[in-house]
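[1] Okay, predicted coordinates and the sequence, questions at the end:
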Amino acid sequence: MPNTAPSKVLLADDDEINRLIILRILTEDRGYDVSVAVDGREALMACLTNKFDLLIIDYKMPGIPGDRLIRTLRVSPNPNKDTPIILFSAATREELTEVLATCKIDLLVSKPISAAGFLGDIEALLGAGQEGIMSGSDQISG
């Protein structure tokens, strides 16, 4: 029998407009159970105390930047050590070469996004579990 509970997602982004767009896509379009963090410290605290099915983390956040947050989560004991992670960034894949080499992420999504492509990537990643899909939805347009 399939699990009918909505997937639990942490959305960590300091930009209010991005948060509102992504939150609408995740909750209204798919009914995901979304928790929101407005900076890296808040995201870290949420990850240390709650288990999520997916983490969506912005690269440039105040407090703890996204890449540092991801590295911390991947090496320290916490409920989300192996949770799939989407790194969300306005930077290009080329600009993030070093980050991609040192951060264990499952998918890089470049801003702006396309809602349909983004949801497809999320569904594939949630279905893939630990395997990841690192193919990338390179565009988000609300």
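    That came through, no problem. Numbers count the residues shown, from 1 in each chain.
[2] OK, contacts around residue 65?
    40, 59 (Cβ atoms under 8 Å, 6 or more residues apart in numbering). Every residue, glycine included, has its C-beta placed from N, CA and C.
[3] ok, so what distance separates it from residue 30?
    28 Å (Cβ to Cβ, to the nearest Å).
[4] Near residue 19, how many residues? Count them for me, please.
    Residues near residue 19, counting by other Cβ atoms under 10 Å, number 18.
[5] my read is it is in a helix, agree?
    Yes: per DSSP: H, G, I helix; E, B strand; the rest coil, residue 19 lies within a helix segment.
[6] how much space is there between the residue nearest to it when sequence neighbours are not counted and residue 89?
    Spatial nearest neighbour of residue 19, excluding adjacent residues (Cβ to Cβ, 6 or more residues apart in numbering): residue 13 at 5.1 Å. Using Cβ to Cβ, we find residue 13 at a distance of 10 Å from residue 89.
[7] Please apply the same query to residue 100.
    10 Å.
[8] Just give me the residue right at the centre of this protein.
    residue 56 (1.3 Å; Cα atoms, centre = their mean).
[9] For it, name its beta-bridge partners.
    On the basis of DSSP bridges, residue 56 is bridged to residue 11, residue 86.
[10] give me every residue that touches it.
    Contacts of residue 56 by Cβ under 8 Å, 6+ apart are 9-13, 22, 85-86, 88, 109.
[11] want to try JSON lines for those residues, with pLDDT and neighbour count as columns?
    Output for the contacts of residue 56, formatted as JSON lines (pLDDT from 0 to 100; neighbours: other Cβ atoms under 10 Å):
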{"residue": "9", "pLDDT": "96", "neighbour count": "24"}
{"residue": "10", "pLDDT": "98", "neighbour count": "23"}
{"residue": "11", "pLDDT": "97", "neighbour count": "26"}
{"residue": "12", "pLDDT": "97", "neighbour count": "26"}
{"residue": "13", "pLDDT": "96", "neighbour count": "26"}
{"residue": "22", "pLDDT": "92", "neighbour count": "25"}
{"residue": "85", "pLDDT": "95", "neighbour count": "26"}
{"residue": "86", "pLDDT": "94", "neighbour count": "25"}
{"residue": "88", "pLDDT": "88", "neighbour count": "26"}
{"residue": "109", "pLDDT": "88", "neighbour count": "22"}
